[in-house]
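Sequence and predicted model, in that order:
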Amino acid sequence: MAEFQPQERVTSHFDSLAKPYFEWYKARNQDGHSFRIRRTRCLEQLAKLPAGSTVLDVACGPATFVEDLRKRDYKFIGLDIAPHMIELSKELYGSDPDCTFLVANAEQIPLPNASVEGLAAMGLMEYLNNEDAVLKECLRVAKPGAIFTVTYPHRMSPARIWDRLTHAIAKPILQIVRKGKSGPGVKHREYDLQSTLSALTSAGWQIDDVVFYNMKIALRPLDKILPALACWISEQLERFGRTPILRRLGTGFIVTVSAPKQNGSSGTQNNGA
């Protein structure tokens with residue numbers, strides 16, 4: 001399989017974002033809304049777990065799930081490839097004996113087989129070289145019946161189609177302006193729903209729920225000119241995240257899956273934790 005992008009580049013990119021990450025969640029604009037509603041929708045799924053469950057956040061960043069999950073008496077394991085993200089997580093929550101933080105690649109999770117009841121992967125899949133390997137590795141560490149909530153950028157949303165079109169038009173100009181001033185950026189994929197569901201089921205997961213989020217109709221540059229209004233409009237439209245037509249406005253979707261009750265995953269046990 002051809003490499004999508006060097007994972008060292010991804011690590012460096014997210015290491016540089018550790019400090020400002022929380023501030024993005026507070027912003028009263030379209031990006032801030034997207035971060036907030038994505039986290040909210042994932043937490044709604046994880047909240048179905050019984051008290052005392054262990055939740056693994058794969059690509060946890062600066063542990064944005066911790067406070068909400070600990071309020072529900074869940075144990076938390078945060079894993080990220082970016083060391084600075086884990087350092088910040090430990091600074092904030094490392095004193096909690098029910099929180100564990102690990103620097104590791106999602107293709108080799110240092111946990112035993114069938115060891116967690118819940119998993120989340122928020123903003124992860126689109127940067128990976130081997131998505132299938134990560135889905136299977138997550139299944140390996142999932143207990144039978146465990147739930148896993150995964151986010152994906154929605155390729156066919158009007159906002160993403162518009163962004164691709166305008167970027168293609170502006171690309172020649174940007175190449176001239178930026179020549180010699182910046183290195184290669186971090187790439188990310190976008191997804192359609194049906195192929196995503198097929199990949200999840202092929203990896204052994206069972207589909208439980210799908211919800212779209214960040215229902216965006218204020219296309220760029222309007223979202224930049226009127227950020228608070230664009231944010232408010234999206235907030236009002238989030239109620240349509242599961243409707244057959246309007247959900248397509250979402251710039252992302254979240255699939256919640258579960259491990260089979262009799263987990264047949266045959267992955268090699270990894271006891272590195």
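Here it is on my side, so go on.

Show the subsequent helix or strand relative to the top helix by length along the chain.
Across the chain, the helix with the greatest residue count (assigned by DSSP state H) is helix 158-178. Once helix 158-178 ends, the next helix or strand along the chain (criterion: DSSP states H and E) is helix 193-202.

hmm, who's touching that next one?
In this structure, residues lying in contact with helix 193-202 by Cβ atoms under 8 Å, 6 or more residues apart in numbering are 131-132, 135, 150, 152, 154, 207, 210, 253, 255, 257. All C-beta spots, glycine's among them, are computed from the backbone N, C-alpha and C.

try 6 Å
Helix 193-202 is contacted by residues 152, 207, 257 when judged by Cβ atoms under 6 Å, 6 or more residues apart in numbering.

neighbours around residue 237, how many?
Residue 237 is flanked by 17 other residues according to other Cβ atoms under 10 Å.

hang on, it in a helix?
Yes. Counting by DSSP: H, G, I helix; E, B strand; the rest coil, residue 237 is located in a helix.

That one touches residue 216, doesn't it?
No. Between residue 237 and residue 216 there is no contact under Cβ atoms under 6 Å: 8.3 Å.

picking up where we left off before, which positions in the longest helix of the chain come out as buried?
Neighbour-count burial for helix 158-178, counted by 16 or more other Cβ atoms under 10 Å, picks out 159-160.

residues contacting residue 82?
Each residue near residue 82 by Cβ under 6 Å, 6+ apart is listed here: 11, 14-15.

For residue 120, state which of these is nearest.
Nearest to residue 120 among the contacts of residue 82 is residue 14, at 16.3 Å by Cβ to Cβ.

need the helices for this protein, in chain order.
7-15, 21-26, 30-46, 66-71, 83-93, 131-141, 158-178, 193-202, 222-225, 227-237.

can you put the ones you listed in JSON lines and add mean pLDDT and distance to residue 186?
Shown next, in JSON lines, are those (pLDDT from 0 to 100; distance: least, Cβ to Cβ, whole Å):
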{"stretch": "helix 7-15", "mean pLDDT": "91", "distance to residue 186": "4"}
{"stretch": "helix 21-26", "mean pLDDT": "90", "distance to residue 186": "15"}
{"stretch": "helix 30-46", "mean pLDDT": "98", "distance to residue 186": "16"}
{"stretch": "helix 66-71", "mean pLDDT": "96", "distance to residue 186": "25"}
{"stretch": "helix 83-93", "mean pLDDT": "96", "distance to residue 186": "14"}
{"stretch": "helix 131-141", "mean pLDDT": "97", "distance to residue 186": "16"}
{"stretch": "helix 158-178", "mean pLDDT": "84", "distance to residue 186": "15"}
{"stretch": "helix 193-202", "mean pLDDT": "98", "distance to residue 186": "21"}
{"stretch": "helix 222-225", "mean pLDDT": "96", "distance to residue 186": "21"}
{"stretch": "helix 227-237", "mean pLDDT": "98", "distance to residue 186": "24"}
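
These: which one's closest to residue 185?
Distance to residue 185, taken as Cβ to Cβ, is lowest for helix 7-15 among those, at 8.0 Å.

Distance from that closest one to the middle of the chain?
Put simply, helix 7-15 sits 16 Å off its chain's centre (Cα atoms, centre = their mean, to the nearest Å).
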